[in-house]
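J.: Provided below for reference: sequence and predicted model.
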Amino acid sequence: MPELKYILIDILPQQEKHYLQNNLGAETITTIHVNALPGTFLAQLSGFLAEECIFISENRTHVDMAIDMGMATLVYLGTEELVQSTEKIGPGHDALPQKTDQMSAESHLSPDMYAEGMEEIDLNFLCRVYQRHHNLPWTILETERCIVKEFSMDYLDALFELYAGEGMTDYMEPLHPYEQEREYQQSYMENMYRFYGYGMWLVCEKETGKLIGRAGFDYKKEMGEELQIGYAIGVPYQHRGYATEVCRAIIDYARTELEIHSICCFIEEKNEKSIGLARKLGFVPRGIVEINGKNLRKFRWEIPQK
């Protein structure tokens, strides 16, 4: 599995280098200023294994060469550049850019990320850009007993086992047939995670590493414009406080990382356990709506801004 070992800093304004160095601090991953190495640029870059690096520069020619070598890349745009190719994936976050005709004319491949400044670029941010480049799942957060992370195909069988529990699909959609579900999850990882930065995540028990549930955010037009929270905890792990623990952490993640301050959920009227959890988490009833022939109770929470 690829592992980030080197942050290669190429041509950047001195102030931006200063921001980046301060943010990285005394991290264990080695930071190297490429243009301080001897030899031509290509010789400098060729001294590193592509799968161990992320390359940062404002020089698009150098970036294109790094892309050709298979490196993860981040382009500094500068204050005078237009950020037309960067898509918004949610409040406070920039997505991996979609390839446009203009970008295709410049390079056959696109950089992994653009940045207007380095003030907020830290190791965690760079690691996530690197992981996206190599299709590695992000670890979203940890709680006292759980790890919340993006889905990977290694968990497909465990997901089917989870959903096979008695009553698991009483109030949520079942999985597709196996091969169809595999295709769906592959598309989900490539689109939902990559372009929105959130979605439904896996919940694994720290002590055992086992998949015990799912939780995260979704967005469905038929349910309104707001982001919706959802969760499912496997039968053997219910009534142990996992749902409360994980949902509270995810809500805090929405506020601090996604900069989202309003979340809703829709719950079937007979699902008393989930209604109780929504109230416990601080969600307030907002009436009953009919969606796809079902009466659902809407709950909403305005996340306090600090």
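T.: Structure received. Since the model is a prediction, treat every value here as computed from it, not as a measurement.

J.: Output the below-cut-off pLDDT ranges for the stretch 201-306 of the chain.
T.: Counting by pLDDT under 70, the ranges of the stretch 201-306 of the chain that qualify are 222-224, 303-306.

J.: Over to the stretch 1-150 of the chain?
T.: Ranges of the stretch 1-150 of the chain meeting pLDDT under 70: 79-108.

J.: can you pull out the strands in it?
T.: 6-9, 30-33, 53-57, 72-76, 113-115, 139-142, 146-149 (DSSP state E, counting those that start in this stretch).

J.: Buried residues, the first one. List them.
T.: Of the residues in strand 6-9, those buried under the neighbour-count criterion (16 or more other CB atoms under 10 Å) are Y6, I7, L8, I9. Glycine gets a C-beta too; all of them are placed from N, C-alpha and C.

J.: correct me, but the third one touches V34?
T.: Yes: distance between L8 and V34: 5.1 Å, which falls inside the contact criterion (CB atoms under 8 Å).

J.: okay, and the common contacts of the two?
T.: L45, F55 (CB atoms under 8 Å, 6 or more residues apart in numbering).

J.: So if we follow the domain assignment, how does the protein break up?
T.: When the chain is parsed with automatic domain parsing, its domains come out as 6-133, 139-302.

J.: Can you tell me the centre-most residue of the protein?
T.: Of all residues in the chain, the one closest to the mean position by CA atoms, centre = their mean is G197, 3.7 Å from it.

J.: I figured it hits L258, correct?
T.: Yes: using CB under 8 Å, G197 is in contact with L258, at 7.1 Å.

J.: any chance of the strands of the stretch 1-150 of the chain in a markdown table, plus distance to E225?
T.: Below are the strands of the stretch 1-150 of the chain laid out as a markdown table (distance: least, CB to CB, whole Å):
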| stretch | distance to E225 |
| --- | --- |
| strand 6-9 | 38 |
| strand 30-33 | 42 |
| strand 53-57 | 35 |
| strand 72-76 | 31 |
| strand 113-115 | 27 |
| strand 139-142 | 23 |
| strand 146-149 | 25 |
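
J.: of all the ones you listed, which lies closest to Y219?
T.: Shortest distance between Y219 and the strands of the stretch 1-150 of the chain, using CB to CB, is found for strand 139-142: 16.8 Å.

J.: Pairing partners for that closest one, with directions?
T.: Paired strands of strand 139-142, with direction, are strand 146-149 (antiparallel) (DSSP bridges).

J.: Mind listing residues that contact the partner strand?
T.: Contacts for strand 146-149 (CB under 8 Å, 6+ apart): 137-142, 201-206, 212, 215-216, 242, 245-246, 249-250.
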